[in-house]
Structures are given as C-alpha cells and as structure tokens.
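Participant: just the structure for this:
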Amino acid sequence: MAGSPTIKPFTAEETYRIVHHLQEPAVFLNMTCGWPVLHWTVDHLSGCLGNKHVRFRLGRKKKINAPLFETHCSFVDATLAQFLSWTQGHSGTHDGPFCDYPSSEYWAYADYKYISQLLEDQPSMFEDVKWSEFGFEGRDGRESTLWIGTEGANTPCHLDSYGCNLVLQVQGRKCWHLFPPEDAAKLYPTRIPYEESSVFSQVNVLQPDLRRFPAFQRARTHSVTLEPGQVLYVPRHWWHYVESVDPVTVSVNSWIELEADDVARVSEAVTKAVVCALKTTPADDNADVWLNPTEDGVSSHNENMQYVNLAVRACAQRLRGHSQSTRDSQAVKRDCSGRVKRCGDCVPFTVPFGPHLIPVYAQQEPKGMNPNDPEVKSIRKCVIRSQLDCAESSEAAQRTDPASAVRIHRGQHECGSALSHCGEEMAEDNEGSGHATITTNDLLDCLVHPDIIMRVTELLLQRHTDQTTAACELEYSPNRKTLPH
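Facilitator: Numbers count the residues shown, from 1 in each chain. The predicted structure is shown next:
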C-alpha cells in the first residue's frame, strides 16, 4: 500500500493498555512498519538457515469431517530450499525428503519453531521482531515462534491454557476462525491427544459432523483473514482454528502471560496427573497414540503429583499475597474528600477501535451448514422434538410432582441432554449398531472436562487453605500442650 505511515497509530504505552482491555480478538494495522522481520520470507530465511534442517508436519489436503491431530500426521526433516523446491513442483519423484508426499495431495507445516533455537547462530536477527513497540519492553524474537506452511496447512481447533497471543503475519495470508471461551461446551473439548498447554476440540470447525456434534451449530464463529504486516490479538482462552490460504505463508507468534495464572497451572497439573495415570494403564482400548508430538514424554505419577503440590502451594501463596495487597491498596487509595477510592470509581477505558484497530466480528450464520441439507433438516427436527419432550415433561411434572417440575425448570441441561441423545441415536441408526461402548478416552473426556477440572482445582485450593489455616492455629494456640520429648 502506497504511502504507509511511518508514525505508529499507537504508542507503546497506548498499545499495552489496549491489549490489557481487549476482551475479544482484534487486528492491529500499521503497527509493524519498519520491522525488519517483514523481510522474513521463506526465500530470505532459506538463505539465512542454509543447510539447517527443519521438521515439517504433513497432512492430506482431502477434506474430512474430523480434525487431523498431530498424532495422525507424517513428519519430514528438510531444508527450506528443499521445501521451496517441493512447493514449486521442482522436486524429483525419487529424491528428497518430500518424495513420498506429492504437493498436489499434501500440505506441509513447520509449526511452533522457537526462533531462539532456529536462529541461535544469528542472534542479531532476534531484534528484527519488535514486540517492545506493543509495550512489552525487552520482548523480541527470543520470546517468539516461527510458523511456515503451504496452502491448507492448519492447526486443529484448540485453546491455549496459558496467556494470550500476538500474531504477526509476514508472508501470505492465514484465515483464523475463533470462538469465545463461553462456547467451550459447543466445541466438545478433549485432552486426547494430550498436550499440557492446549485443549483440543473434537469438531472439524470447517466441515463439522453435526450428527455427532449438534451443539456446534450454535457456536459463534469470529473469522478474519490476516494479511502481511497485520497483528492479530487472541485473548486468553479463545478457541482458534488456523489455516493457510496462500501457496506459502510465514507468521511470527508471541505467547504472552499478562498476569501470573497459577490457577491454570494447578488445573493443568491435575489434568496431567489424571490423563497420564489412565492412559499408561494397560487396557485393550488404551493402545492409541495419545501423547502429542510436542510433548517431551510421559512423566511418572510421582512426578505429576509433585507438580500438583508445587502448583497448589504457589497458587495459594499468590492468592494470599494478592488478597493482602488488594486490601492494602484499597486502604490507602482515597479521593480528594478523603473517602476510600475503589476500582469501580476509576474512569472506564474505551478501546479505540477505528482504522488502525479492527475488531473481529462474529459471523451471523453458523459455518458448515446449508439449511436445505437433509442432515440439517433432520437435526432441526431433533431439536424441535427434544424441546417438545421437555415441555411435555414439564407440564406433567407440574401436575403430579412439584419437586420434579423444579428440577426440570432449574436448567436447560435436560433439554440439551435430550438433544445430545438424539444425535447419538441418529448416528446409531446410520451405522446400524447397538449400544456404544464407553472407552477410556470417553471417560477421560468427562473427567478432565475444563468445567470438572476447574471445580477440582477449587476444591484442592480450599483443602490446602483449610489445612494451612488449621496448622497455623494449632501452632500459635496459647492452650497448645507441648508433648514430652
């Protein structure tokens, strides 16, 4: 674009404040003008890395209605020169690391490559990435990852357990499909494959299997195609599916923890202990590849429980310190009349959306559905039938048992369950099978569901707090009797 501004639309301080107040995804424009990293095309990086090999993940371009997790992908190690030759169709059919993967049938993705490791021999290039201009002083390429892919290369829909993300598009375009945290149930979360920092969705969000996952049609999709030079802000715990739409793409991602999230670390420690305990237990249905390739390996139960204890203690200490500091700050902050000044008295901050900061809006129509499709019509009939069943049950309960009526009206869970069962019945009818068998993975999906894990985390922290309080009271009680030596 001609006449790109050299003066940034927001100062580092302003951008930092904006990021802290953004509740939904947004795209920053004209904030990376002059960043040397914008020259990091694959051709440029190929010259910088020379014969250094990079691991690529490969998947078929054929569309299916299930996510392609990393546990089912192929991997090759290749130089960027070999990668470029393959994408341009120059590779021979009998040589090179990509020889078994025709570029017409496969996509390739060098994803989540730590720049500090990839360019360790050229540390001066770290400074090409200037996250300090977003208010994060001292942050550059050392705290960033590099993503290089071909058209169709994708990351399955997931949420990151910790922090938020700033994503700079360098070459080509990527399409992002994002979903808010409150839509988690509609995305059918799973921890298989297991990765400590990610929770995956069982749904292929571009081609959903609505018979298996009927609630997904009510999920709100926020979509945006990121162009070179633009920066996408992904808030904490927003689900996202990412796919390259150009022949070659390059992007730089920086994960940022705006504030220490010890509760999330406790939750992940609990999840890891449960998943590892069940998946390492010998069983007929436990032979699947369940550990994501990004994980180092399986740790022992003793190690996992040590991690749980350390995370609980650190979280409890921080919560106690935060509670005390909050009381102290509220005690000293007063207005001109001497009254205590609370946070609610502060002037609210308005995010300056405009030509340089664009919100990522939700789509009006759910993706992956044609209202005239027989499948969608069948699901709609199922929804109507389940709602009528709930209404009839409610009327009958009111006539016969007031307590039953209260239970039915207390929430919409039973209607949702009826809808879920209806979807299962359709799947069974389609397959002609009998009763489904509950597998270890089915059990895990329930045990480590984010809502369940959060409740377990709360109980563990409460137990630790109660035990610590009781121990302190016993130690400092004036009536405590000292046992004889």
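
Participant: going by C-alpha atoms from here, please, whenever you check contacts or count neighbours.
Facilitator: Will do.

Participant: what about the nearest residue to residue 465 once chain neighbours are set aside, which SS state?
Facilitator: Spatial nearest neighbour of residue 465, chain neighbours left out: residue 316 (7.1 Å); criterion: C-alpha to C-alpha, 6 or more residues apart in numbering. Using DSSP: H, G, I helix; E, B strand; the rest coil, the structure places residue 316 in helix.

Participant: and residue 316, how far is that from residue 157?
Facilitator: As defined by C-alpha to C-alpha, to the nearest Å, residue 316 lies at a distance of 32 Å from residue 157.

Participant: check the offset of stretch 250-266 from the chain's centre.
Facilitator: 10 Å (C-alpha atoms, centre = their mean, to the nearest Å).

Participant: what mean pLDDT does it get?
Facilitator: Mean per-residue pLDDT for stretch 250-266: 91.

Participant: buried residues in that stretch?
Facilitator: Under the neighbour-count criterion of 16 or more other C-alpha atoms under 10 Å, stretch 250-266 has 250-256, 262-266 buried.

Participant: of these, which is the nearest to residue 352?
Facilitator: residue 256 (21.5 Å; C-alpha to C-alpha).

Participant: picking that back up, of residue 316 and residue 157, who's got more company?
Facilitator: Relative neighbour count places residue 157 above the other of residue 316 and residue 157, with 27 against 20, counting by other C-alpha atoms under 10 Å.

Participant: leaving out chain neighbours, which residue sits closest to residue 270?
Facilitator: residue 308 (6.2 Å).

Participant: what residues are up against that neighbour?
Facilitator: Residues in contact with residue 308 (C-alpha atoms under 8 Å, 6 or more residues apart in numbering) are 266, 269-270, 273.

Participant: repeat that for residue 48.
Facilitator: Neighbours of residue 48 in contact, by C-alpha under 8 Å, 6+ apart: none.

Participant: that one is in what secondary structure piece?
Facilitator: helix 42-49 (DSSP states H and E).

Participant: next: residue 110.
Facilitator: strand 106-114.

Participant: show me the contact partners of that strand.
Facilitator: Contacts of strand 106-114 (C-alpha under 8 Å, 6+ apart): 54-61, 142-154.

Participant: what do you get for stretch 240-251?
Facilitator: Contacts for stretch 240-251 (C-alpha under 8 Å, 6+ apart): 40-42, 87, 146-159, 167-179, 205.

Participant: ends of that stretch, what's the gap?
Facilitator: 15 Å.

Participant: I'd assumed residue 230 was in contact with residue 168.
Facilitator: Yes - assessed by C-alpha atoms under 8 Å, residue 168 is found in contact with residue 230 at 5.9 Å.

Participant: the more surrounded of those two?
Facilitator: Legend: neighbour count by other C-alpha under 10 Å for residue 168 and residue 230, higher for residue 168 (27 against 21).

Participant: quick one: low-confidence ranges for the stretch 51-200 of the chain?
Facilitator: Where the stretch 51-200 of the chain drops to pLDDT under 70, the residues are 90-95.

Participant: and the helices in it?
Facilitator: Remark: helices assigned in the stretch 51-200 of the chain by DSSP state H, counting those that start in this stretch are 80-87, 115-118.

Participant: pull the CA atoms of the shortest one into CSV?
Facilitator: Only the C-alpha atoms of helix 115-118 are listed here, as CSV (Å, rounded to 0.1, in the frame of the first residue of the first chain):
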residue,chain,number,x,y,z
ILE,A,115,13.2,-18.6,16.9
SER,A,116,15.8,-18.6,19.7
GLN,A,117,16.7,-22.2,18.7
LEU,A,118,16.2,-21.9,15.0
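
Participant: coming back round to it: residue contacts, the residue nearest to residue 465?
Facilitator: 461, 464-465.

Participant: mind checking which of those residues are in helices?
Facilitator: 461, 464-465 (DSSP state H).

Participant: what is the burial count for residue 69?
Facilitator: Residues near residue 69, counting by other C-alpha under 10 Å: 18.

Participant: sorry, that was for residue 108
Facilitator: 30.

Participant: from the contacts of stretch 240-251, list the buried ones, please.
Facilitator: 40-42, 87, 146-159, 167-179, 205.

Participant: tell me the one of the buried residues of stretch 250-266 nearest residue 281?
Facilitator: residue 266 (23.1 Å).

Participant: contacts made by the helix or strand containing the closest one with the rest, please.
Facilitator: Counting by DSSP H and E, the element that carries residue 266 is helix 262-279. For helix 262-279, the surrounding residues in contact (C-alpha under 8 Å, 6+ apart) are 161-162, 191, 194, 196-197, 286, 290, 298-301, 304-305, 307-308, 311-312, 314-315, 318, 440, 444, 448, 453-454, 456-457.

Participant: go ahead and confirm residue 295 touches residue 197.
Facilitator: No - contact criterion C-alpha under 8 Å: residue 295 and residue 197 do not qualify, at 9.5 Å.

Participant: higher neighbour count, those two?
Facilitator: Taking other C-alpha under 10 Å, residue 295 and residue 197 do not tie; residue 197 has more neighbours (16 against 11).

Participant: the more buried one touches residue 158, doesn't it?
Facilitator: No - if you go by C-alpha under 8 Å, residue 197 and residue 158 don't touch, sitting 9.9 Å apart.

Participant: just the buried ones from the contacts of helix 262-279?
Facilitator: Buried among the contacts of helix 262-279 (16+ other C-alpha under 10 Å): 161-162, 191, 194, 196-197, 290, 304-305, 307-308, 311-312, 315, 318, 440, 444, 448, 453-454, 456-457.

Participant: ok, the closest residue to residue 67 other than its chain neighbours - how many residues close by?
Facilitator: The shortest distance from residue 67 to any non-neighbouring residue, by C-alpha to C-alpha, 6+ apart, is to residue 204 (4.8 Å). Residues near residue 204, counting by other C-alpha under 10 Å, number 21.

Participant: all numbers from here: first residue = 484
Facilitator: Okay, using 484 as the starting number, the last item reads as residue 687.

Participant: pLDDT score assigned to residue 687?
Facilitator: Residue 687 is given a pLDDT of 97.

Participant: that one reaches residue 549, doesn't it?
Facilitator: Yes - Residue 687 is in contact with residue 549 according to C-alpha under 8 Å; the separation is 5.0 Å.

Participant: so how far is stretch 627-647 off the chain centroid?
Facilitator: 9 Å.
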